[in-house]
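Undergrad: Model the following, please.
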Amino acid sequence: MAGRVREKERTEKKPKKAGYFDYNLLFIVIFLMCFGLVMLYSSSSYTSMNKYGDSAYYLKLQIRNMLIGSVFMIFFTVADYRVWKKFGGMAYIVAFLLCCAVAIPGIGSSSHGSSRWLSLGPLSFQPSELAKLAIILFLATLIERVPKSMNKTSGLLKVFGTLVPIVGIIAYSNLSTGIIVLGIAVCMLFVASQKYAPFVSVGIAGVAVILIFLFSASYRKGRVQAWLHPETAGDAGYQTLQGLYAIGSGGLFGKGLGESIQKMGNVPESQNDMIFTIICEELGLFGAICVILLYILLIWRMMIIANNANDLYGALLVVGIMSHIAIQVILNIAVVTNTIPNTGVTLPFISYGGTSVLFLMSEIGIVLSVSRGIKLESMR
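TA: Presented below is the predicted three-dimensional model:
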């Protein structure tokens, strides 16, 4: 009897294996958001004062958005990420239906010539942001169930076939978001597959579809012309030219925080899609490189988490979220530098936006949840 008691005491005193939590990732995200608030106030104060009589109007809204987003991030961090396996298919269906609802008069609201928002009383919601997270959850669940079929061309084509409806409905009203969603899917499938040939075919087909969409609407044709010849495109090239003036005038170290001239009504959406131009003008090439390096660090931390995840599902979730943020950063910087035609893509954690901030912070919560499941000894 005494031997059993001693054995029980030894068992109870045995230390539990320590878990891991990626504080580095959390600190990078917090730093990006704080930096974003500073740049948001700097880039929007002039417009906010003239339009709303309050220089901190956009800043206050963004702080509210980030506080709400923090609640979601904490929730997704604490929750076990494996729970979302049950909701992958449901998330896809809900996102698809909401994206279709955008086209319904009285529910969907237009912005810049296309319907992208759902109006729910005083609140507005962008279903395409939900679609990005829904695709990540759906594909991670699907691939985790049949990983071997990802090594077959037929299996990959079936998966791409299931994505055609939602990518098509998103791209019809918001081409840039459609490209991001498709890019997320391609990255996740590429990581899960040992085949390369199908992705070449998908790439060619994707370029062809993008070209069709580009020339299917007059305002998209205007953007292509403004991209090629912004100096002769009139109003269509105005935003691009003003953004390039801001970038060029910043020099190596910029004019100084708050000293931008272009933000004073010259650069449209300076607090949103074009905020990187104000960063370049006020902080110069040095500041722009520092921001890019922060994003590289963010992606690197996610890559480490994906490589050490406990299971395939967790790794795929992180790969999808990592792809989302990386593609969006690349597209935003490419647009403001006139490397690609102008399209509305926000700069993650820095640009103003309610729906975007909410879902980005939720995704970071999922990544942190995956990191919590990693054994500490595997990170040494």
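
Undergrad: ok, and the closest non-adjacent residue to the residue positioned nearest the centre of the chain?
TA: Most central in the chain under CA atoms, centre = their mean is I325, positioned 4.1 Å from the mean C-alpha point. Leaving aside its sequence neighbours, I325 sits nearest to P348 (CB to CB, 6 or more residues apart in numbering; 5.3 Å). (Glycine included, C-beta is placed from N, CA and C.)

Undergrad: Would you confirm that the one you found belongs to a strand?
TA: No: secondary structure of P348 (DSSP: H, G, I helix; E, B strand; the rest coil): coil, not part of a strand.

Undergrad: Next, count neighbours for it.
TA: 24 (other CB atoms under 10 Å).

Undergrad: One more: I296?
TA: Neighbour tally, I296, other CB under 10 Å: 12.

Undergrad: now it: how far from N50?
TA: 36 Å (CB to CB, to the nearest Å).

Undergrad: Then K148?
TA: 60 Å.

Undergrad: higher neighbour count, those two?
TA: A side-by-side neighbour count of K148 and N50, using other CB under 10 Å, places N50 first with 11 against 7.

Undergrad: Pull the contacting residues for the residue nearest to the centre of the chain.
TA: The contact partners of I325, by CB atoms under 8 Å, 6 or more residues apart in numbering, come to 295, 298-299, 302, 348, 360, 363.

Undergrad: For those residues, pick the one with the most neighbours.
TA: L360 (27 neighbours).

Undergrad: low pLDDT regions in the protein?
TA: 1-19, 105-116, 119-123, 202, 206, 209-210, 213-222, 377-380 (pLDDT under 70).

Undergrad: show me where it has strands.
TA: 108-111, 114-120, 123-125 (DSSP state E).

Undergrad: okay, now the domains of the protein?
TA: 21-78+237-380, 85-216 (automatic domain parsing).

Undergrad: As JSON lines, the ones you listed with distance to H229 would be great.
TA: What follows is these, written out as JSON lines (distance: least, CB to CB, whole Å):
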{"stretch": "domain 21-78+237-380", "distance to H229": "7"}
{"stretch": "domain 85-216", "distance to H229": "16"}
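
Undergrad: Can you say which of those is packed in most?
TA: Comparing the domains of the chain by mean neighbour count (mean count of other CB atoms under 10 Å), domain 21-78+237-380 ranks first with a mean of 20.

Undergrad: Would you check that L376 makes contact with D22?
TA: No: between L376 and D22 there is no contact under CB atoms under 8 Å: 11.4 Å.

Undergrad: Q225 is nearest to which of the domains of the chain?
TA: Among the domains of the chain, domain 21-78+237-380 comes nearest to Q225, with 8.0 Å by CB to CB.

Undergrad: Quick one: residues contacting the residue nearest to I325.
TA: Contact analysis of P348 by CB under 8 Å, 6+ apart lists 32, 295, 325, 328-329, 356, 360.

Undergrad: Could I get the phi/psi values of it?
TA: Backbone dihedrals for P348, given as degrees, to the nearest 10, come out at phi -50, psi 130.

Undergrad: All the helices of the stretch 201-350 of the chain, in order from the start?
TA: Taking DSSP state H, counting those that start in this stretch as the criterion, the stretch 201-350 of the chain carries its helices at 218-228, 238-250, 275-308, 312-336.

Undergrad: Show me the one of those that comes nearest P198.
TA: P198 lies closest, by CB to CB, to one member of the helices of the stretch 201-350 of the chain: helix 312-336, at 17.5 Å.
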